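1. Here's my sequence, what's the structure:
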Amino acid sequence: MKRITRRQFMKRSIAAGAGLTLAPFSRVRGANDDIRVAVVGIKGRGGSHIGAFDKMEGVRVAGLCDVDRKVLESRAKPFKDRNKEVATYVDIRKLLDNKNIDAISIATTNHWHSLATIWACQAGKDVYVEKPCSHNVFEGRKCVEAARKYKRIVQHGTQNRSSSGWAKQVAAIASGKYGKLLVSKAWASKSGRGRWSIGFKPTKEPPENLDFNIWLGPAPLQPYHENIVHYNWHWFWDFGNGEIGNQ
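-> Alright, predicted model coming up:
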């Protein structure tokens, strides 16, 4: 099999997606209509997205999408327990074909962020996308182009920049409260004791509940191993951006 680069895949996928669902969002919204949001990638950060949207007035979580069927079932259960209707999808393309979805919130693995954003814009959806929105400058520019071309709202989730606490500290530094700062240091120790080796895992068949082909998406074709699904993909270049892309 001929190996294609990530950039080649992106170009082909964007071109293919352009022919799927290009009709602009035209449903006449009444004053009391909810904004219908679907969350894509719902095991980790996506769970926070679901909780936040579920509490917002005028917003309804209308769709959930994840390549892991077990995760999908567990996230959908609280809605079913409350007799709330929520559509579930394994394939994001089927979600984007649903014209009743107004916007999507993307919390997938990092390597899917750009393509999901572009496809959503092409399908007439507004987008909230977790950081980093792109794997490189090329992908970032394509996201901007798509948002402008299809006249979509795309918000990038850099919480460390938008949160009120950080904004206050930036203002304090700018005001000279701490004097003239010469050096800035940053470190990450999310586990409380730092990161340790994840070791090596042998390749094997993916579990039946996981659609690994869709999980790979725009990444190079490669065999499954347990070190990439669900969390440690952060430390592999094909999927993540290391700790700096995990803040």
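2. C-alpha from now on. contacts and neighbour counts both.
-> Noted.
3. Skipping adjacent residues, who's closest to the residue of the chain most remote from its centre in space?
-> Going by Cα atoms, centre = their mean, the residue of the chain most distant from its centre is G179, 38.7 Å out. Among residues not flanking G179 along the chain, I173 sits closest, at 7.8 Å (Cα to Cα, 6 or more residues apart in numbering).
4. which SS class is the one you found?
-> Put simply, I173 is helix when judged by DSSP: H, G, I helix; E, B strand; the rest coil.
5. swap in F138?
-> Look at F138: counting by three-state DSSP, its state is helix.
6. re earlier: per-residue confidence for the residue farthest from the centre of the chain?
-> In this model, G179 is scored at 92, pLDDT.
7. what's the answer for A31, then?
-> Looking at A31, its pLDDT is 41.
8. Could you count how many residues lie near the residue nearest to G179?
-> Residues lying near I173 (other Cα atoms under 10 Å) number 13.
9. so how far is S184 from it?
-> Look at I173 and S184: by Cα to Cα, to the nearest Å, they are 12 Å apart.
10. Then Y150?
-> Y150 is 40 Å from S184, by Cα to Cα.
11. Check R36 too.
-> 42 Å.
12. Have a look at those two and say which one is more surrounded.
-> Neighbour count, other Cα under 10 Å: between R36 and S184, R36 has more, with 17 against 5.
13. where's that one, which helix or strand?
-> strand 35-40 (DSSP states H and E).
14. residues in contact with the helix or strand just after that strand?
-> Sequence-wise, the next helix or strand downstream of strand 35-40 (DSSP H and E) is helix 45-55. Helix 45-55 is touched from outside by 37, 39-40, 42, 59-61, 75, 105-108, with contacts defined as Cα atoms under 8 Å, 6 or more residues apart in numbering.
15. Now compare those residues and name the two farthest from each other.
-> Greatest spacing in the contacts of helix 45-55, by Cα to Cα: V59 and T108 (20.9 Å).
16. So which of those two has more stuff around it?
-> T108 (23 against 15).
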